[in-house]
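Engineer: need a structure here:
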Amino acid sequence: MSSDPTKNPKTPVLEACGIGKHYQGQWLFHSWNAVLEPGQGLALTGANGSGKSTLLQCIGGLIRPDIGVITWDGEKEQIPACSLAAPYLDIPTEYTLNELVTFHFSINPLKSGADPFLQLRLCHLDPTSNLLLKHYSSGMIQRVKLVLALLTDAPILLLDEPHSHLDREAQAWFQQLLSTSIAGRIWAMASNDPTEYRLCSAVFDLGSHPH
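Structural biologist: A predicted model of the protein is given here:
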């Protein structure tokens, strides 16, 4: 049987080789190795200050490690664009919801078949409202961040405590959207809540490894 290279093309993987990051004279993590494959989420757990958020951002190329390298498809310094949702991530709040979503997806690719306005309605946000985002509650802002991150067509998806400020109904909505958004993507999540990272196939606890 002949093989056709145009069928089932090799999907890039992200590989961390001996990466480490220190802060105020101490290592947050050191000599960390991992291979992340599309669709197989990695949960990063550990106490506050253990380096979960820092390692998450190193994975996406948002922070450079102090030692080691991260490669994408075997190439150094070629980490593609990532999509991030995090409590510390600021979004413009002088927009209405419709204005922000329209602007975001005018400069970022939308996942094929995705409908951000439908997802906003499913999580009880009104895209037609004239209310500025600066008047939204923390839970409403978190839902907006998650819609933007999950529906952006980026090969790497990073989620930092995505259940932050979400009630049970919103958490269920998020988990459903996540389950339909991770195929073919490298993704990782910083969380200490097993219900939050239940779709992850691997867990790395920074608190149980020597730094």
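
Engineer: helix/strand/coil for the residue nearest the centre of the chain?
Structural biologist: By CA atoms, centre = their mean, the mean C-alpha position of the chain lies nearest to L158, the distance being 1.5 Å. Recorded secondary structure, L158: strand (DSSP: H, G, I helix; E, B strand; the rest coil).

Engineer: so H165 makes contact with G139?
Structural biologist: Yes - counting by CB atoms under 8 Å, H165 does reach G139; the two are 4.3 Å apart. Using the backbone N, CA and C atoms, a C-beta is placed for each residue, glycine as well.

Engineer: name the residues that touch the lowest-mean-pLDDT helix or strand in the chain?
Structural biologist: When the helices and strands of the chain are scored by mean pLDDT, DSSP states H and E, strand 75-76 comes last with a mean of 75. With CB atoms under 8 Å, 6 or more residues apart in numbering as the test, strand 75-76 has contacts from V69, I70.

Engineer: quick one: strands adjacent to the next helix or strand after that strand?
Structural biologist: Going down the chain from strand 75-76, the next helix or strand is strand 82-85, by DSSP states H and E. Partners of strand 82-85 in the sheet, by DSSP bridges, are strand 156-160 (parallel).

Engineer: the closest residue to A81 other than its chain neighbours: what's it in contact with?
Structural biologist: Of all residues not flanking A81 in the chain, A154 sits nearest, at 5.1 Å (CB to CB, 6 or more residues apart in numbering). Residues near A154 by CB under 8 Å, 6+ apart: P80, A81, C82, S83, N108, P109, R185.

Engineer: may I see the PyMOL selection of the buried members of the residues you listed?
Structural biologist: Here is the PyMOL command that picks out the buried ones among those, judged by 16 or more other CB atoms under 10 Å:
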select buried, resi 82+83+185
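
Engineer: and E169, that's in a helix?
Structural biologist: Yes - the assignment for E169 is a helix, going by three-state DSSP.

Engineer: any idea how far G113 is from it?
Structural biologist: For E169, the distance to G113 (CB to CB, to the nearest Å) stands at 24 Å.

Engineer: before we move on, what about R143?
Structural biologist: Remark: distance between R143 and G113 (CB to CB) = 20 Å.

Engineer: what of T96?
Structural biologist: Taken as CB to CB, the span from T96 to G113 is 25 Å.

Engineer: higher neighbour count, R143 and G113?
Structural biologist: R143 (24 against 7; other CB atoms under 10 Å).

Engineer: what about the one helix or strand the more buried one maps to, distance to the chain center?
Structural biologist: Using DSSP H and E, R143 sits in helix 138-151. Chain-centre distance of helix 138-151: 12 Å, with CA atoms, centre = their mean, to the nearest Å.
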